[in-house]
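Novice: Let's see this in three dimensions:
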Amino acid sequence: ADTQALTDNARNPEKVSDNIHEVLLDYLAVGISPRTNMIALQSHVPELFEITSYLANLVTLSRLERNPTVKEEIRQRGFERNIPVGFLTYPISQAADIVAFKTTHVPVGEDQLPMIEFSNEIADSFNRAYGTNTLKRCVPILSSCPRLPGLDGKTKMSKSLGNAIYLADSNDEIQRKVNRMFTDPRHVRLEDPGHLDGNVVFTYLDYFDEDKEGLAELKKRYTKGGIADGAVKNRLVSVLVSIIEPIRTRRALLEREPEYLEAVLQDGTARARVIAKSTLEEVRAALGVARF
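Specialist: Numbering: from 1, shown residues only. You can find the predicted model right below:
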């Protein structure tokens, strides 16, 4: 979604361009197969922009400003009232991304549920306004993973906020980042009882550590006192390295195949355009603007 990324990086397009390569590598390294998935570049599917412009006519400014996800992102970025128009309206673009492909199920985090609701509102509004069933409603697919906090424990983990662990991070980088993680400020001395609530390290262990029995014992020892934060962090480092290291290895191998990466992106984008073009033709017909 490079065009969407430009909504708050318009003066730093190189960052967006560089991240196209990084995101593609991440997708492929974790096992998303181009044989069964279309990995498309948003900026190269112009049909999406035309659909977005038509949908924008059905949305009010007040509705965009009420979107809780957008409100929180505006707060995080310190826009106040100096909000780029593109940023405020990016939910319309997201809705176009969904409806253009007749999407019925969308994997999201719980913080994106308002976006799914918004997309369905637009689809319903369009269909009512033009007496059609062109645009489809969708349902969210929520991960079993909770919304992970960032390293600082204050906000969600996010690349844009610089508080994330990356799939390309080396073992040393993972160690450094985990060492920065928020634990329990009251756990000053080794013998002090530790607290689990709000402890980012244990939040990550709860999800990623498959040794639930050993983790339960660690929690018991930590809450009684007698175990250092460093020992808990080292356990998390070991867990994360075991997950990320094979992904990072696959990622490094893929990075040596630039022609393959470019082919994946071009093929996925071409396939996506076929579907988006078909939907656009239906949208134009419903609007009565399909003249020639």
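
Novice: The helix or strand residue 177 falls within - contacts with which helices or strands?
Specialist: Element membership for residue 177, per DSSP states H and E: helix 171-179. Contact partners of helix 171-179 among helices and strands, from 3 or more Cβ pairs under 8 Å, 6 or more residues apart in numbering; DSSP states H and E: helix 229-255. C-beta: built from backbone N, CA, C; applies to glycine.

Novice: which outside residues touch the helix holding residue 177?
Specialist: With Cβ atoms under 8 Å, 6 or more residues apart in numbering as the test, helix 171-179 has contacts from 151, 165-166, 169, 201, 233, 236-237, 240-241, 244-245.

Novice: Which positions in that helix come out as buried?
Specialist: Buried residues in helix 171-179, counting neighbours by 16 or more other Cβ atoms under 10 Å, are found at 174-175, 177-178.

Novice: following it, which helix or strand shows up next?
Specialist: Next along the chain from helix 171-179, counting by DSSP H and E, comes helix 200-208.

Novice: Nearest spatial neighbour of residue 39, chain-adjacent residues omitted?
Specialist: Residue nearest to residue 39 in three dimensions, not counting chain neighbours: residue 268, with 4.1 Å by Cβ to Cβ, 6 or more residues apart in numbering.

Novice: how close does that neighbour sit to residue 208?
Specialist: 30 Å (Cβ to Cβ, to the nearest Å).

Novice: And for residue 1?
Specialist: 26 Å.

Novice: So for those two, which residue has more residues nearby?
Specialist: residue 1 (18 against 15; other Cβ atoms under 10 Å).

Novice: Contacts only, for the more buried one.
Specialist: Residue 1 makes contact with 42, 97, according to Cβ under 8 Å, 6+ apart.

Novice: now with 10 Å?
Specialist: By Cβ atoms under 10 Å, 6 or more residues apart in numbering, the contact list for residue 1 reads 7, 16, 20, 23, 40-43, 48, 90, 93-94, 97.

Novice: now do residue 128
Specialist: By Cβ under 10 Å, 6+ apart, the neighbours of residue 128 are residue 58.

Novice: Quick check: end-to-end length of stretch 139-155?
Specialist: Its first and final residues considered, stretch 139-155 spans 26 Å by Cα to Cα, to the nearest Å.

Novice: just use 38 as the starting number from now, easier for me
Specialist: Let's use 38 as the start, then, which means that last one is stretch 176-192.

Novice: Spell out which helix or strand contains the residue nearest to residue 158 when sequence neighbours are not counted, please.
Specialist: Counting by Cβ to Cβ, 6+ apart, residue 100 is the residue found nearest to residue 158 once chain neighbours are left out, at 7.9 Å. Using DSSP H and E, the element containing residue 100 is helix 98-103.

Novice: For that helix, which residues meet the burial criterion?
Specialist: Buried positions in helix 98-103, judged by neighbour count with 16+ other Cβ under 10 Å: residue 101.

Novice: List the neighbours of that helix that are in contact with it.
Specialist: Under Cβ under 10 Å, 6+ apart, the answer for helix 98-103 is 93, 97, 107-108, 111, 120, 122, 125-129, 151, 155, 158-159.

Novice: buried subset of those residues?
Specialist: 107, 111, 120, 125-129, 151, 155, 159.

Novice: so where's the stretch 138-287 of the chain uncertain?
Specialist: Within the stretch 138-287 of the chain, the stretches with pLDDT under 70 are 183, 197.

Novice: Just give me the longest helix of the chain.
Specialist: For the chain, the helix that runs over the most residues, judged by DSSP state H, is helix 295-324.
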